[in-house]
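Visitor: Have a look at this prediction, sequence included:
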Amino acid sequence: MQTSRDKKMDIDRKFSKDTNEILGMQMDMDNMANRKMDKKKLTGMKMDTAKSKHMKMDMTKSKDMKMDMDMGMSHNEMGMDMNKMKRLMEGYKYHVMLDITSKLMFCWNVNYSNRTVSIRVTCQLPPNYWFGVGFSDYGEVTDADFVVFWNDPVSTHHLQDSYTDSNGVLHADHSLDYTLHRARTEDGLSILEYTRPFDTCDERDYLLDNGTTHIVYFVSKGTPSTCVGKDVRDLHHGFQRVQLLKPDVHLPPLPTDVWTFEITAPKVKIPGSETTYWWFITTLPILHHKHHIVRYEGVIQKENEDIVHHIEVFHCVGRKHVHPYSGPKVPEGKMDPTSDLASCRNVIGAWAMGAEPIIYPEEAGSPIGGEGFSPFILLEVHYHNPHLRTGHVDSSGIRFYIYYNRSCR
């Protein structure tokens, strides 16, 4: 008999299939299901708490900020100044926007020498709101590993290493495996900087590995005296998928005469539904001779970083003309096999949330152009919009780096 946990794993496999294929990751789902294993307690890298259950931090009271938790608010109302975003990302190689409404951003660096991740979390909330950020196996807020920040009724700031049980209820994690380095407010933003090991040897903590990591979060109004006992399922929450532990590899230099072009969405008005696959037929630049793709990367519109889940670019094979199309994906099994869209099946570029540029080895490349090469391209963009927001217009896509050499690579 299939258990509820087995069913959740099946669902997660199906939902994550595209992302895992794009990132080229092989995930051992049985290993993920058994993360909670017996381990020896780690003696180092503890948060200095003077034996208290939580840390009290001296922070300047943040200014009173207005926040509309209505998920239908317009993009212009929710946007963050791009210059401010760049400042918040300084010193960190990777970032992902978790929640555009509360401007909740997660930035990180990976240190393989001491096997730790350095994290900066920023959030724009009024002082009477509290929030948590962490990790879980399936992007759910049950059985999750959290760091929680809140103000109590007397305006004392607290940071708590926490976890949730199978019912989503918060508990204090007395192992305290997060090291706080800095906490401050700046231009109405709460900014926390801390580190944690890949493996804390704490059965309550999430084990960071090279696969897809689900970053979970919650935001709620209130000034609780403690976060313990709160049911996170009743709060505004969500998750993002990223590859947290990026490979630390040397990237080969590009030829000096490389040029680029982009295949992007045509200012798509993102529907206010949870999942949308958008298709767009367009054409390649005119290439009379065979060229080679030597690199490609995602070009993601900043204000839609938390909605654009993954992108694929398909080449339409054959000499058949492909008619213009821009709209929702034709459902699986419902496409007419004689349709010209059915010829668009060869992937030449792909991106998923958190992915780095793909660079071919110096001696390799993906051929495009030349005599008999179809110019037609199908762009597919997956929009993941769990809060059903409206008013977003998107032109995300993929940038290709092209090289021409009379002798084949």
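Guide: Noted; the coordinates are in hand.
Visitor: How far off centre is stretch 205-217?
Guide: 11 Å (CA atoms, centre = their mean, to the nearest Å).
Visitor: for the stretch 201-350 of the chain, which spans come out with low pLDDT?
Guide: 248-249, 332-333 (pLDDT under 70).
Visitor: The stretch 51-200 of the chain too?
Guide: Those would be 51-86, if you go by pLDDT under 70 across the stretch 51-200 of the chain.
Visitor: ranges for the strands of it?
Guide: Along the stretch 51-200 of the chain, the segments classed as strands by DSSP state E, counting those that start in this stretch run 55-57, 94-99, 104-111, 116-123, 129-136, 145-151, 157-164, 170-172, 179-186, 189-197.
Visitor: Show me what the longest one is packed against.
Guide: To tie it back to what came earlier, the one meant is strand 189-197. When contacts are defined as 3 or more CB pairs under 8 Å, 6 or more residues apart in numbering; DSSP states H and E, strand 189-197 packs onto strand 116-123, strand 145-151, strand 179-186. (Glycine included, C-beta is placed from N, CA and C.)
Visitor: Now do the shortest one against strand 189-197: the angle between them, please.
Guide: Think strand 145-151. 150 degrees (axes from the mean of the first three to the mean of the last three CA atoms, to 10 degrees).
Visitor: returning to that earlier point: can you redo the helices and strands packed on strand 189-197 as a markdown table with mean neighbour count and distance to His315?
Guide: A markdown table is the format used below for the helices and strands packed on strand 189-197 (neighbours: other CB atoms under 10 Å; distance: least, CB to CB, whole Å):
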| stretch | mean neighbour count | distance to His315 |
| --- | --- | --- |
| strand 116-123 | 21 | 37 |
| strand 145-151 | 24 | 42 |
| strand 179-186 | 14 | 47 |
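Visitor: out of those, nearest to Pro255?
Guide: strand 116-123 (34.4 Å; CB to CB).
Visitor: can you state the direction angle for the closest one and strand 189-197?
Guide: 160 degrees.
Visitor: got the angle for strand 116-123 vs strand 179-186?
Guide: Using the same axes, to 10 degrees: strand 116-123 against strand 179-186 is 20 degrees.
Visitor: contacts for strand 116-123?
Guide: Here strand 116-123 makes contact (CB atoms under 8 Å, 6 or more residues apart in numbering) with 45, 88, 91-92, 102-111, 131, 133, 147, 149, 189-198, 208, 219, 244-245.
Visitor: residues near Glu140, how many?
Guide: 19 (other CB atoms under 10 Å).
Visitor: Name all residues that make contact with the closest residue to it other than its chain neighbours.
Guide: Among residues not flanking Glu140 along the chain, Val216 sits closest, at 7.3 Å (CB to CB, 6 or more residues apart in numbering). By CB under 8 Å, 6+ apart, the contact set of Val216 is 133-136, 139-141, 144, 146, 237-239.
Visitor: Now render the helices and strands packed on strand 189-197 as CSV, adding distance to Glu262.
Guide: Output for these, formatted as CSV (distance: least, CB to CB, whole Å):
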stretch, distance to Glu262
strand 116-123, 29
strand 145-151, 38
strand 179-186, 34
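Visitor: which stretch among those comes nearest Thr260?
Guide: strand 116-123 (30.7 Å).
Visitor: What angle do strand 129-136 and that closest one make with each other?
Guide: Using the same axes, to 10 degrees: strand 116-123 against strand 129-136 is 150 degrees.
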